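A.B. asks: pasted the sequence and its predicted model underneath.
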Amino acid sequence: MNRRIWTRIGFMLILAVSMVACTSVEEPPSVPDEVREKEEKGTHPYTGELWEGELPTPVMVMVNNQKQARPQSGLHQADWIMEVLAEGEITRLAAFYFRDYDGKVGPVRSLRPYYLDLAEGSGAVVAHAGGSPAAMALLQERNWPHVDGIHRGRASFQRDGSRKAPHNLYTTVGKIRKAGSNGPMETREMNPLLFDPQGAVEEFDPASRIEIRFHRLYEAGFDWDQTEKRYFRRTQGELQRDRESGEVLGVENVIVIRASHRVLDTAGRREVDWTSGGEGMLFQRGLGRPIRWENRDGWLLPVSEDDDVLPLVPGKTWVNVIPDEGTWSYGDY
């Protein structure tokens, strides 16, 4: 091979090396910390929030909402709250705890069959202080895990001497889990719960203030806080706070649904229709949209006109169940 060819080959090699040396290597696009953390930890199926490790057994506590019981303890840490009328034209709260919380919860009150139905979706252990004859029979019929604060489960509860019975019985989520279950939550096939940081109300009506009338003697509401990105709860016109911390109760999702109620006896005990579905509203991010609600796998969920389950904003949810004569209103006022 002559010198000219060798010279040409050498020149081409030098040019190739130079081009490689001068070409910058593109780094892969960086992944935001919150996305990487979500991929590594996963999300909680019932709150949409970051979660790592085993899921604790869900707990549902029956919480008193009479005037003598307010302010309550521990509601600010509940992941879901289901509010339904009980006797005396006042609501009772089924407070669900899907994560760990060791603080005081209560005052705890008695169980009714339609509250026990609300535990179906998550399979929660139910904490209660006795119950109607029908509710106690249903617990046995379904062999439902529960801890009763005035019968065999008394050791998991304590009385607060600063309040009068029946508004002074308290427990903790940890005590209920220990007494009513044998370990972490069983894996449940549960598809309907959807979460999206943008929610499902982007193109709907402003709703910075929500008014809900369960009965002529009992009203509640929520106020949107743009800074905190949460709805803060009002009961009978006053902000509802945690008794111990003073924290105002706040949630990311407010759902209002209408369900048929029927009074069963002279004591005022009720029956609530969880099967027929009906109309309602979904409030998120300071906006509201009309919905239908359906009972899907034991959850009362917001559904679109196309029968699609609507996504919730990750965080806490408060479901307000009003009777046929109940009302709601909302807007920027």
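C.D. replies: Yep, that arrived.

A.B. asks: ok, E279 - contacts?
C.D. replies: By CB atoms under 8 Å, 6 or more residues apart in numbering, E279 lies in contact with I257, R258, P290, I291, R292, W293. (C-beta placed from N, C-alpha, C; glycine too.)

A.B. asks: what subset of those residues is buried?
C.D. replies: Buried members of the contacts of E279, counted by 16 or more other CB atoms under 10 Å: I257, R258, I291, R292, W293.

A.B. asks: so which helix or strand takes in the third one?
C.D. replies: The secondary structure element spanning I291 is strand 287-296 (assigned by DSSP states H and E).

A.B. asks: given that strand, what are its sheet partners and their directions?
C.D. replies: strand 205-206 (antiparallel), strand 278-284 (antiparallel), strand 299-303 (antiparallel) (DSSP bridges).

A.B. asks: what is the subsequent helix or strand relative to the first one?
C.D. replies: Read that as strand 205-206. Using DSSP H and E, the first helix or strand after strand 205-206 is strand 209-215.

A.B. asks: what are the contacting residues of that next one?
C.D. replies: Against strand 209-215 from outside (CB under 8 Å, 6+ apart): 83, 85, 89, 91, 219-224, 231, 254, 256, 283, 288, 320, 322-323, 325-333.

A.B. asks: can you rerun that using 7 Å?
C.D. replies: 85, 89, 91, 219-223, 254, 256, 283, 320, 322, 326-331, 333 (CB atoms under 7 Å, 6 or more residues apart in numbering).

A.B. asks: likewise stretch 146-157?
C.D. replies: Counting by CB under 7 Å, 6+ apart, 108, 125-130, 139, 169-171, 175-176, 179-180 sit against stretch 146-157.

A.B. asks: so which of these are in helices?
C.D. replies: Mapping those onto helices (DSSP state H) picks out L139, K175, I176, A179, G180.

A.B. asks: give me the neighbour count for the fourth one.
C.D. replies: This means A179. Residues contacting A179 under the criterion other CB atoms under 10 Å number 19.

A.B. asks: give the contact list for it.
C.D. replies: With CB under 7 Å, 6+ apart, A179 has these contacts: V147, G153, S156.

A.B. asks: and the gap between the last one and D79?
C.D. replies: Spelled out, it's S156. 20 Å (CB to CB, to the nearest Å).

A.B. asks: quick one on the thing from earlier: so which of the strands paired with strand 287-296 is nearest L194?
C.D. replies: Proximity to L194, assessed across the strands paired with strand 287-296 by CB to CB, is greatest for strand 299-303 (8.8 Å).

A.B. asks: show me where the stretch 151-300 of the chain dips below the pLDDT cut-off.
C.D. replies: 182-192, 266-268 (pLDDT under 70).

A.B. asks: what sits against the spatially closest residue to G161 that is not a sequence neighbour?
C.D. replies: Closest residue to G161 apart from its sequence neighbours, by CB to CB, 6 or more residues apart in numbering: N168 at 7.4 Å. The contact partners of N168, by CB under 7 Å, 6+ apart, come to P107, R159, D160.

A.B. asks: mind putting these into TSV with neighbour count?
C.D. replies: Converted to TSV, those look like this (neighbours: other CB atoms under 10 Å):
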residue	neighbour count
P107	29
R159	15
D160	16
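
A.B. asks: what's the closest of these to L264?
C.D. replies: Relative to L264, and with distances defined as CB to CB, the nearest of the contacts of N168 is P107, at 24.4 Å.

A.B. asks: my read: that closest one touches A165, true?
C.D. replies: No: between P107 and A165 there is no contact under CB atoms under 7 Å: 9.1 Å.

A.B. asks: residues near the nearest residue to V263 once chain neighbours are set aside, how many?
C.D. replies: Take V263 and drop its neighbours on the chain: the residue closest to it by CB to CB, 6+ apart is R270, 5.7 Å away. Residues near R270, counting by other CB under 10 Å, number 19.
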